[in-house]
Each structure stands twice: as structure tokens, then as C-alpha cells.
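Asker: Give me a 3D structure for the following:
(2 chains)
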Amino acid sequence: MNYKVDKSIDCTGLSCPLPSVKTTLALEQMEVGQVIEVLTDDPVSKRDLPVWAQSTGNELLGVEEEGKVIKIYLKKAE
Amino acid sequence: MTEQGKNKGSVTIVLFSGDMDKAIATFVIATAAASMGMQVTIFFTFWGLNVIKKEGGLIKGRNWMQKMLNIMNYGHAKKLAISKMNMFGMGPAMLKTMMSHKKVPSLQEFISMATALGVKFYPCEMSMTVMGLKKEDFIDECEEVIGAVSYLSIAKETTINLFI
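Answerer: Model prediction:
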């Protein structure tokens, strides 16, 4: 699937809670409706980031896996 | 409390311990909760005050007992013991190396991330009086000094409360 990505952050090699913290800090700089791509190789984040999205109200567009790298797409909500 | 705090919940943590491992656990929970949009407050009390002390200034306090306590209890975010296997400082050094290999932030990095996420730090007034510490002895990220009543007035409104 292809999304129009406005910003991409590389969280590979980082463990809990950094991917969600870095995503939060990156989203603060973005506009509502913009899409962020989060790259991670942490299996826990694959589970945690969708939970994070549900809890913060940001929309989870999709999760893709390319080898070890997991790509998570999120759309900023209000 | 703001509307945001009500919807997404909030966390208060009492950090009583001055051990590095327990402080890191505190900041992992605090930053994760703040990233979820929760309001987070950390109340630093007793040994936990070491986590937010500024570097330097070995001799603090008014009388000889306070001075001796502060010399023996010298510490700040970069210099804390761990609760197990401290081994005269070898334990913390090894733990820091292992953490940096795994790209886990150091305590100072956690403190600045928490500040960026709006986590609030409050030093405990009573412990400061006992130990002879002043507001200036703490890092600038700290909010005003508060007492148990103010802490409880925040804690009773929150959904999660931890004592570490």
C-alpha cells in the first residue's frame, strides 16, 4: 500500500518506550491530517504503537513488514 | 485539570528511591504515559531527590548532621547507585554501558524527553527541610516545591498512582 507520507522517523534499534515518545514529539510539529511513517525493528512496537494510536485518537492507517523492518503509518488527529 | 487529562487519564508517581534502576523505571512509565497524552506528575521525595539534584555542590545544609548526610548521599542524575549489584559503582557503570549498547536513553536523556512531553516534576518540601536542601539545588526543570497535601490534591484526581 502507498500512503502520501509527510514525515518519516527512523526508530530502528530503539526499544520501548522510545518509538511512541519519538512519534509523539514528531507529531507535535505536524498538521492535523498529515501522515507519519514510523520505521522500527522492535516487535513490541508493532503491538504497542497501534495501542498508542487508539489511546491518543490518532488514526492507524496500516502496518507493513519488510524483512526485519516494520513500517507503521499513522494519521494525525486533532 | 484540563479536558485532555480527564479523557486520557493521568498518572502521579512518588519517587522515593534514589536508585538509578528505579529512577529509570519511573521515567520509562512517565514518558510512555505522557506520549499517550496522559498528564504525568512525578513527586520526588527523600532519596529520590537525588535524581533531580544539580551536579556539584558537595556540601549542603546548615548543621553538621545535614552536611554529613549530603556529603555521604551525594548524587545526581549521572551519579546514582543501583539497588542490586552496585559493587562500589561498577554495577552502574556496567549497566550504563549495556543500556547504551541497546540504545536505551540515559537518565539525563529521559529527564529532557519527559520535560519535552510536559511531565511535571515536584520536589518534596518536607524532605528538603530535613536534608537542608534549597530550591536552587535542583535542576531548572522542576516546578515549585510542594508538600504532601498539594501532592495528594493532584493524586486524588488521577487514574494511576505509583510509589517507587
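Asker: May I ask you to name the longest helix in chain B?
Answerer: As assigned by DSSP state H, the longest helix anywhere in chain B is helix B:20-35.
Asker: Distance of B:Ala93 relative to B:His76?
Answerer: Distance, B:Ala93 to B:His76, using C-beta to C-beta, to the nearest Å: 16 Å. In this view, the C-beta of every residue, glycine as well, is placed from N, C-alpha and C.
Asker: If you count surrounding residues, which of the two has more?
Answerer: Neighbours per residue (other C-beta atoms under 10 Å in any protein chain shown) separate B:Ala93 from B:His76, with B:His76 holding more: 19 against 11.
Asker: show me the contacts for the more buried one.
Answerer: Neighbour list for B:His76: B:50-51, B:53-55 [criterion: C-beta atoms under 8 Å, 6 or more residues apart in numbering or on different chains].
Asker: Which strand residues bridge it?
Answerer: Taking DSSP bridges as the rule, B:His76 bridges to B:Lys79.
Asker: Contact residues of chain A facing chain B?
Answerer: Within chain A, the positions near chain B by C-beta under 8 Å from any C-beta of the partner chain are A:13-18, A:20-21, A:23-25, A:52, A:55-57.
Asker: Now B:Thr45. Nearest residue, chain neighbours left out?
Answerer: B:Cys124 (3.7 Å; C-beta to C-beta, 6 or more residues apart in numbering or on different chains).
Asker: can you check A:Asp10 too?
Answerer: A:Leu39 (4.9 Å).
Asker: Counting neighbours, what do you get for that neighbour?
Answerer: A:Leu39, neighbours per other C-beta under 10 Å, totals 17.
Asker: Specify the local secondary structure of it.
Answerer: strand (DSSP: H, G, I helix; E, B strand; the rest coil).
Asker: Would you mind listing the residues in contact with it?
Answerer: A:8-12, A:69-71.
Asker: how about stretch B:87-106: buried residues?
Answerer: B:91-92, B:95-96, B:99, B:104-105 (16 or more other C-beta atoms under 10 Å in any protein chain shown).
Asker: Also stretch B:120-132?
Answerer: B:120-125, B:127-128, B:131-132.
Asker: still on that earlier bit, now do the residue nearest to A:Asp10, the pLDDT please.
Answerer: If you check A:Leu39, the pLDDT there is 95.
Asker: Distance-wise, check the residue nearest to A:Glu65 when sequence neighbours are not counted relative to B:Pro105.
Answerer: Excluding its sequence neighbours, the residue lying closest to A:Glu65 (C-beta to C-beta, 6+ apart) is A:Lys71, at 7.5 Å. In this view, A:Lys71 and B:Pro105 are 23 Å apart by C-beta to C-beta.
Asker: can you tell me which helix in chain A is longest?
Answerer: Under DSSP H, chain A gives helix A:43-56 as its longest helix.
Asker: tell me the mean pLDDT over that one?
Answerer: 90.
Asker: just stretch B:125-139 next, same as before
Answerer: 94.
Asker: which other residues reach it?
Answerer: B:45-46, B:49, B:52-54, B:57, B:60-63, B:66-67, B:69-70, B:73, B:77, B:111, B:121, B:123, B:142, B:144-148.
Asker: Done for today, thanks.
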